[in-house]
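Asker: got a sequence here, can you build the structure:
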Amino acid sequence: MPKNTEIERKFLVLSEDYKKLATTHIDICQGYICKQPGRTVRVRVAGEKAYLTIKTPAGEGSFSRFEWEKEITLDDAKALMSICMPGMIEKTRWIVPAAEKGLKWEVDEFHGRLAGLTLAEIELESESQVFTKAPFLGEEVTGDPRYYNANM
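Answerer: Numbering: from 1, shown residues only. Below is the predicted model of the structure:
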């Protein structure tokens, strides 16, 4: 996979069975400094670490998109959160090993205004990489803008 390329598939989650399979979980709070067609700039606090991320949308018919992410200090993240657009996202991310060695499901259980929504994604090395769909997954929503965190 080229540097700064993210290839992921995203699915709705049908049950909480993933919690029994998870190896760890972490609480995340994130906000968007900029979200417009063509790019998003996100600040995220995940546990005791913080990140600034820039993403572009996937190309037509593609799962690949540009992603640049750098770790920043918690103080910087808190300062940047103060200038984020309305609509902060709070979620718990559960890490579930996938059937294929080296792959993992990131299951996001949303809280607050998005409570009741749970999404899972898997990051791949190529768009053609084969993976086994976990039994707790429902409909694939890859590419559906309603399920982009920046649109929620």
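Asker: quick check: closest non-adjacent residue to residue 6.
Answerer: residue 67 (4.0 Å; Cβ to Cβ, 6 or more residues apart in numbering). Using the backbone N, CA and C atoms, a C-beta is placed for each residue, glycine as well.
Asker: going along the chain, name the strands of this structure.
Answerer: Assignment of strands within the chain using DSSP state E yields the ranges 5-13, 24-36, 39-46, 49-55, 64-72, 89-97, 104-110, 118-123, 137-140.
Asker: can you add mean pLDDT, distance to residue 152 and mean neighbour count and give these back as TSV?
Answerer: Compiled in TSV, the strands of the chain are given as follows (pLDDT from 0 to 100; distance: least, Cβ to Cβ, whole Å; neighbours: other Cβ atoms under 10 Å):
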stretch	mean pLDDT	distance to residue 152	mean neighbour count
strand 5-13	91	12	18
strand 24-36	95	10	16
strand 39-46	95	12	19
strand 49-55	95	14	17
strand 64-72	89	17	14
strand 89-97	98	6	18
strand 104-110	98	8	20
strand 118-123	97	10	21
strand 137-140	98	17	14
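Asker: so which elements touch the top helix by length along the chain?
Answerer: Looking across the chain with DSSP state H, the single longest helix is helix 74-81. In terms of contacts (3 or more Cβ pairs under 8 Å, 6 or more residues apart in numbering; DSSP states H and E), helix 74-81 is packed against strand 24-36, strand 39-46, strand 49-55.
Asker: now render those as CSV, adding distance to residue 88.
Answerer: What follows is the helices and strands packed on helix 74-81, written out as CSV (distance: least, Cβ to Cβ, whole Å):
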stretch, distance to residue 88
strand 24-36, 5
strand 39-46, 10
strand 49-55, 14
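Asker: to residue 110, which of those lies closest?
Answerer: Counting by Cβ to Cβ, residue 110 lies closest to strand 24-36 out of those; the figure is 9.9 Å.
Asker: from the chain's centroid, how far away is that closest one?
Answerer: 8 Å (Cα atoms, centre = their mean, to the nearest Å).
Asker: list the neighbouring strands of that strand plus their orientation.
Answerer: Here strand 24-36 is paired, per DSSP bridges, with strand 39-46 (antiparallel), strand 89-97 (antiparallel).
Asker: no further queries at this time; thank you.
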